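J.: Model the structure of this input:
(2 chains)
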Amino acid sequence: MLIKLTGGTVYDPNSGVAGQKQDIYIEDGRIIAPPAADRAVDREYDVSGKVVMAGAIDLHSHIGGGKGNIARTLLPEDHRLDPVARTLITRSGNGHVIPSTFVTGYRYAEMGYTAAFEPALLPINARQAHMEMGDIPILDKGGYVMLGSDDYLLRMLTAKKDQKAINDYVAWTMNAAKAIGVKVVNAGGINAFKFNQRKLDLDEQNVHYGVTPRQILQTLARALQELGVTHPLHVHGCNLGVPGNVDTTLHTIDGIEGLPMHLTHIQFHSYGKEGDYKFSSGAATIAEAINRNKNITADVGQVMFGQTVTASGDSMRQHYNHRFAHPDKWICMDIECDAGCGVVPFKYRDQNFVNALQWAIGLEIFLLVDDPWRVFLTTDHPNGAPFMSYPHLIRLLMDKSFRNDMLARIHPEAQKMTTLGSIEREYSLQEIAILTRAGAARILGLKDRGALSPGNWADITVYTEDADREKMFAKPNFVFKDGELVAKDGEIVQVTWGTTHVAQPEYDPSVEVELKQYFDRYLTMKLGNFKISDDEITETGRGSITVHPLRGAA
Amino acid sequence: MTEITEVPSPFCGIGTDDLTIHVDGLQVKVAAGGCAVNTPAFELPLGDPEPRIAGEPATLEAAVAKAAELLRGKRGPVFSGCATDVNGMRALLALADRVGAVVDNAAFNNARRNLLAQQDTGWMNTTLAELKNRVDVLVVIGTDLESFAPRFFEKYVWNEAMFVADNEQRDVIYIGKAPSGEASTSPGGRKARVCACSDADLPEVLAVMSALLRGRPVKVESVGGIAVSDLQAILDRLKAARYGVFVWGAAALAFPHAELTVQTVCAIVKDINLQGVRCSGFPLGGREGDQTANQVCGWTTGYPARLSYARGFPEYDPFQFETARILADGEADALLWVQAFNVTPPPASEVPTVVIGRSGMAFAQPPAVYIPVGTPGIDHVGHAFRLDNVVAIRLKKLRDSNLPSTAQVLAAIEQQVQAHYVN
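T.: Numbers count the residues shown, from 1 in each chain, chains lettered A, B, ... in the order given. Here you go, the predicted model:
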């Protein structure tokens, strides 16, 4: 079937198209070059005057895996605030702060998102994460496997294994867990918490292994560089949420010695300790460091006011933060010599000085980082806010007077501690397209997504122009996934199933010799049962696996 | 005869995956790694594979059509048992969502003791491999651990550990029930310390322990027959430990409001951590799909496995949606019983009943429909969640029985139901 979107105003940063009127043709799920004039169009959508972008891609959203399900179990009263009834084509569930899987897929798609990536795939929990993501309709998905607090890696570092051996282990784990990247959470800190260390600075040693976070970050960043994995090491830094952690973050940037590194939810790592409340914005310093260091990318992890739940692998910091739990209940877990997690419900309040300044710090970072290709739009769903708040966030970035109206409502002392009101910048539609599509596809190495040139999969979102950008981005007019119309005016009209994106760096198979011994001696699962097979993702008849090339390869 | 090694078990909850199994035609024999829980469950002979309608043999197609007819258009269908693998639960929830059913896992009254505590205040827990490699003080609350999991001590306590050089330094302490055997005795002959008390006294014993830990005044000298000084000694040992773990089996805490006792244990664990020492909880469970049901319900609906779709969206009530209560109060007009792991029949009732069960199930009264299905991990591949919640195991197919899976049967029923609504 030949589909034509006629007369839209196209924003496709990947091709340098910025607001030009262009027709788009779709056949067999992909965008094709304009066909011969005599070919009949089977289905035409008149999108003249409308804004056309690729489907949006969320590169950091907790949509699958154990801690999300723990958060769901913890908060039945929250689900009752947002029940979602079934329809003839969609399943029931609930939304609010941590939506059920089906509702996650519908709500993302209704907003024009066509892919989301789970950033914290614990190797031992990856199977669950893929099963949960397997029940998220419409979206493409993928995950970054978490390393850095696993005893196997720390033993290797203590034993001074060479980089090649580390690379083999990293590549093997990515393959076994079906990941597209690697994430580090509080490098070594989750492990140190199991040895009763309650904080861990960048150069502080794990009491058992004598290894520092700096060493772990360098080793893993180098591994990905040498393996040719496109997505740089995805780093949740040390000292999350600690006043004064701006210095930790700067040292983390310096410490990586020019290797590619992605700093995630950097808002939570950009705090000074100036002022009467000993809490201040380090956003300008951090943005300046990002501007200067071209090897660094960051997503923001914007905080929005209201109830949410924080679900993190960082058991050390989450345990500390349990005192802020709202409602007052929380869960921490140590997990399988692999990682950990902490789930703490949280309510960000605009009249709370710290929360108000966190909000301002996130926006400052968005507005002070010059290069839109190196910053990404996230709330670290659900940690800063549920993903459903993205349209509001986009309006804050695109509309200075709206932003200043919001600024005027927050805690007065926080207003004094932020430069936000003096920042003139307003994001353009093209820049939003970079932040939410082109940039994300590029940094993940998605070979044929996030762009509208011929050959790409037809993941396309069509918006109706509106000066109120929140309204415009909340309910796009049309959303196509792989060429199928899935949402119309914010309603799901067809349910499809996306693919799982992975990268498969090569490793020396002999890596399994020592791993098997380790599994047999210390772990509670056999190595052969640990590895996730392709059919575990495809056997439901809905899932598929898409392997992306390594950097520099085809 | 074929030998299959590294076979994972969905039966014991601890996700044992070192079984060696011999398969001879349709016969399964546990050749190594078996135990009193797993061996009989694997070796249960295959029963009659033929579906039945009102006790009479029928084709699978006819049985599916009859089941669809019985389940559609009802005011109060109840889906109970819910003992199957991940794909089975997925299909069960899809059908329940469509017909507006109550979904209730057979073991929910046990799991509820943990869930109520978890949902009220939360907890700090650990998983099997952490326990295996770190625990130096293991406190067992009100549970005979070795009858729950016969190989628990052998595999996870008296075994090689990364961070405990000498297993003789590991202390095992029982509060409540005394151990039924010697599994908790160390290889060097050190017996577990036992502070025995009746189940009925456990709430008070643990409340005193919690009070001692918080430095509250305790006037009595003994509680439930246990000297308060002994409880203090256990706390002192935990506070000198590197990694203490409290273990309890919710099923064993079979007394009213045991959730408050679970909550007290969880509070003790949290308090020890707040006092600067690591300690974790470790709830037992995960047998025959109970954790699987809670997990799949969790991501599909937000709630654990006792919920209702009657109003068109999931609602959770850990008391109201109990199968026994609904049947007793005459609120059900159809019952779907799913039990793919064993031959436990559905609860007796007058309600038209569809059984999706392990082959060989025997009934006092033949149900309206009985469709024998394969057992996950024997007859087909699948996934099951282990007791520690975060680990899912990949179940293997061991033999060619040609029995359909729970998921296949329920999906076929849903298709028929859907066709009816669309037409």
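
J.: A:L81 is in contact with A:I98, isn't it?
T.: No. If you go by C-beta atoms under 8 Å, A:L81 and A:I98 don't touch, sitting 11.6 Å apart. Just so you know, the C-beta spots here come from the backbone N, C-alpha and C atoms, and that holds for glycine as well.

J.: Between the two, point out the one with more neighbours.
T.: Set side by side, A:L81 and A:I98 show more neighbours around A:I98, with 31 against 12, by other C-beta atoms under 10 Å in any protein chain shown.

J.: Report the secondary structure state of that one.
T.: State at A:I98, reduced to three classes by DSSP: H, G, I helix; E, B strand; the rest coil: coil.

J.: who does A:L5 bridge with?
T.: Residues in a beta bridge with A:L5, per DSSP bridges, are A:I24, A:Y45.

J.: shaky segments in the stretch 451-554 of chain A?
T.: Low-confidence regions of the stretch 451-554 of chain A, defined here as pLDDT under 70, cover residues A:552-554.

J.: Tell me where it has helices.
T.: A:469-474, A:511-522, A:527-530, A:534-538 (DSSP state H, counting those that start in this stretch).

J.: Please produce JSON lines containing the ones you listed, extended by mean neighbour count and distance to chain B.
T.: Below are those laid out as JSON lines (neighbours: other C-beta atoms under 10 Å in any protein chain shown; distance: least, C-beta to the nearest C-beta, whole Å):
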{"stretch": "helix A:469-474", "mean neighbour count": "20", "distance to chain B": "22"}
{"stretch": "helix A:511-522", "mean neighbour count": "15", "distance to chain B": "5"}
{"stretch": "helix A:527-530", "mean neighbour count": "17", "distance to chain B": "5"}
{"stretch": "helix A:534-538", "mean neighbour count": "16", "distance to chain B": "7"}
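
J.: how about these, which one is nearest B:W158?
T.: helix A:511-522 (14.1 Å; C-beta to C-beta).

J.: Go ahead and name everything in contact with the closest one.
T.: Contacts with helix A:511-522, where a contact means C-beta atoms under 8 Å, 6 or more residues apart in numbering or on different chains, come from A:151-152, A:165, A:168-169, A:172, A:337, A:525-527, A:530, B:129, B:132-133, B:160-162.

J.: now do 7 Å
T.: With contacts defined as C-beta atoms under 7 Å, 6 or more residues apart in numbering or on different chains, helix A:511-522 is touched by A:152, A:168-169, A:172, A:337, A:525-527, A:530, B:129, B:133, B:160, B:162.

J.: Most neighbours among the residues you listed, which one?
T.: Of these, A:C337 is surrounded by the most neighbours, 27 neighbours in total, counting by other C-beta under 10 Å.

J.: right, and that one touches B:A129 too?
T.: Yes. Counting by C-beta atoms under 7 Å, A:C337 does reach B:A129; the two are 4.8 Å apart.

J.: Are there residues contacting both of those two? Which ones?
T.: Residues within reach of A:C337 and of B:A129 at once, by C-beta under 7 Å, 6+ apart, are A:522-523.

J.: For residue 172, pull up the helix or strand it's in.
T.: Went with chain A since none was named. helix A:163-177 (DSSP states H and E).

J.: hmm, I had chain B in mind actually
T.: strand B:171-176.

J.: tell me which residues in that strand are buried?
T.: For strand B:171-176, the neighbour count (16 or more other C-beta atoms under 10 Å in any protein chain shown) marks B:171-176 as buried.

J.: Partner strands of the next helix or strand after that strand and their direction?
T.: Toward the C-terminus, strand B:171-176 is succeeded by strand B:193-196 as the next helix or strand (DSSP H and E). Counting by DSSP bridges, the strands paired with strand B:193-196 are strand B:171-176 (parallel).

J.: Leaving out chain neighbours, which residue sits closest to B:V343?
T.: B:M361 (4.4 Å; C-beta to C-beta, 6 or more residues apart in numbering or on different chains).

J.: can you check B:M162 too?
T.: Nearest to B:M162 is B:N133, by C-beta to C-beta, 6+ apart, at 4.2 Å.

J.: what sits against the one you found?
T.: Going by C-beta under 7 Å, 6+ apart, B:N133 touches A:337, A:522, B:161-163.

J.: where does it sit relative to A:K531, distance-wise?
T.: 21 Å (C-beta to C-beta, to the nearest Å).

J.: Could you do A:L397 as well?
T.: Taking C-beta to C-beta, one finds A:L397 at 42 Å from A:K531.

J.: ok, residues contacting the helix or strand containing B:E69?
T.: Using DSSP H and E, B:E69 sits within helix B:60-71. Applying C-beta under 7 Å, 6+ apart, the external contacts of helix B:60-71 come out as B:51, B:53, B:77, B:99, B:334, B:336, B:352, B:354, B:368-369, B:371, B:404, B:409, B:412-413, B:416-417, B:420.

J.: Now with 8 Å, please.
T.: By C-beta under 8 Å, 6+ apart, helix B:60-71 touches B:51-53, B:58, B:77, B:95, B:99, B:101, B:334, B:336, B:352, B:354, B:368-371, B:404, B:409, B:412-413, B:416-417, B:420.

J.: Please see if the helix holding A:W172 touches chain B.
T.: No. With C-beta under 8 Å from any C-beta of the partner chain as the criterion, chain B is not reached by helix A:163-177; the gap is at least 11.9 Å.

J.: Flag every buried residue along that helix.
T.: Quick answer for helix A:163-177 (16+ other C-beta under 10 Å): A:165-177.

J.: then that helix to CSV, C-alphas only?
T.: Extracted C-alpha coordinates of helix A:163-177, given in CSV (Å, rounded to 0.1, in the frame of the first residue of the first chain):
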residue,chain,number,x,y,z
GLN,A,163,41.2,-4.4,29.2
LYS,A,164,40.7,-7.2,26.6
ALA,A,165,39.3,-9.5,29.3
ILE,A,166,37.0,-6.7,30.5
ASN,A,167,35.8,-6.0,27.0
ASP,A,168,34.9,-9.7,26.5
TYR,A,169,32.9,-9.7,29.7
VAL,A,170,31.1,-6.5,28.8
ALA,A,171,30.3,-7.7,25.3
TRP,A,172,29.2,-11.1,26.6
THR,A,173,26.9,-9.5,29.1
MET,A,174,25.4,-7.2,26.5
ASN,A,175,24.6,-10.2,24.3
ALA,A,176,23.3,-12.3,27.2
ALA,A,177,21.0,-9.6,28.4
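
J.: That helix: how far from the chain's middle?
T.: 22 Å (C-alpha atoms, centre = their mean, to the nearest Å).

J.: ok, now stretch B:135-148?
T.: 17 Å.

J.: Equivalent analysis for stretch A:457-474, please.
T.: Using C-alpha atoms, centre = their mean, the offset of stretch A:457-474 from its chain centre is 21 Å.
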